[in-house]
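> structure for the following, please:
(chains A and B)
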Amino acid sequence: MRNDVRERREARGLSQAALGDALGVSRQTVNSIEKGRYDPSLPLAFAIAAFFAATIEEIFHVD
Amino acid sequence: MSTDARPTPLIAKIASATAAIAAVTAIAVVSYATGHDSIGKGAIQGGAVTLALILVLWTVNPRRGLASRTANGLADERDNRILTHAFAHSACAMGGAAIACLVASFYGLPAAGVAGIVVWAGLLTFLASAAIQARRG
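Have a look, this model is predicted:
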């Protein structure tokens, strides 16, 4: 599953660690999500969408 | 939020460390009292190494990795998933080792050897699985 997390994070000038702190997850988790190696749980996906003021479908895209 | 992990309180860490020291001491005392000196020595050495490792993880910055986050009660959902899979792989390895050791026991492998092989197979598989999953993402 592809996602725009990296682009949206960099657009806000945030580091992976900062985004992780905001979402309550580790930097490694953010890195894995951005690389598409880890699919977040539904609560985390909602948290990411809420953080970026977007919908889940706007951030995550099924291949 | 995706995780409600909270740092392990200092009092909980002190209590658990104290309990671990008490348990190792009890095992050592009983072992020495019953004439099993080697077991007592092993309990002291193994307990000391394990406790030292945990103390290091408690003092290391939780951002360092899976082990430090887990030791400090800050494991997130990805960490929990990695640990769950690692436990599953460990269980499979221990099952396979148990079957192999059962066959080996027919050829003279002692019970202590069976126990040691099964336990080490599980421990090493757990550590390897967790490390590989954490690195792969």
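
> quickly note the distance from residue B:71 to residue B:130.
As judged by CB to CB, to the nearest Å, residue B:71 and residue B:130 stand 13 Å apart. Bear in mind the C-beta positions are built from the backbone N, C-alpha and C, glycine included.

> please apply the same query to residue A:59.
29 Å.

> check contacts around residue B:47.
Residues near residue B:47 by CB atoms under 8 Å, 6 or more residues apart in numbering or on different chains: B:20, B:21, B:23, B:24, B:27.

> one more time with 10 Å, if that's ok
By CB atoms under 10 Å, 6 or more residues apart in numbering or on different chains, the residues touching residue B:47 are B:20, B:21, B:23, B:24, B:25, B:27, B:28.

> you'd agree residue B:109 is in a helix?
No - Residue B:109 sits outside any helix when classified using DSSP: H, G, I helix; E, B strand; the rest coil, being coil.

> in this structure it contacts residue B:100, no?
Yes - between residue B:109 and residue B:100 there is a contact under CB atoms under 10 Å: 9.5 Å.

> shared neighbours of those two, anything?
With CB under 10 Å, 6+ apart, residue B:109 and residue B:100 have common neighbours residue B:117.

> which parts of stretch B:33-40 are buried?
Using 16 or more other CB atoms under 10 Å in any protein chain shown as the test for burial, stretch B:33-40 gives residue B:40.

> which residues are in contact with it?
B:24, B:25, B:27, B:28, B:29, B:30, B:31, B:32, B:42, B:43.

> out of these, who has the most neighbours?
Using other CB atoms under 10 Å in any protein chain shown as the neighbour criterion, residue B:43 leads the contacts of stretch B:33-40 with 21 neighbours.

> and that residue, how close does it get to residue B:89?
The separation that residue B:43 has from residue B:89, given CB to CB, amounts to 28 Å.

> kindly report the same for residue B:54.
Distance from residue B:54 to residue B:89, by CB to CB: 22 Å.

> which strand or helix spans residue B:21?
Here residue B:21, judged by DSSP states H and E, is contained in helix B:10-33.
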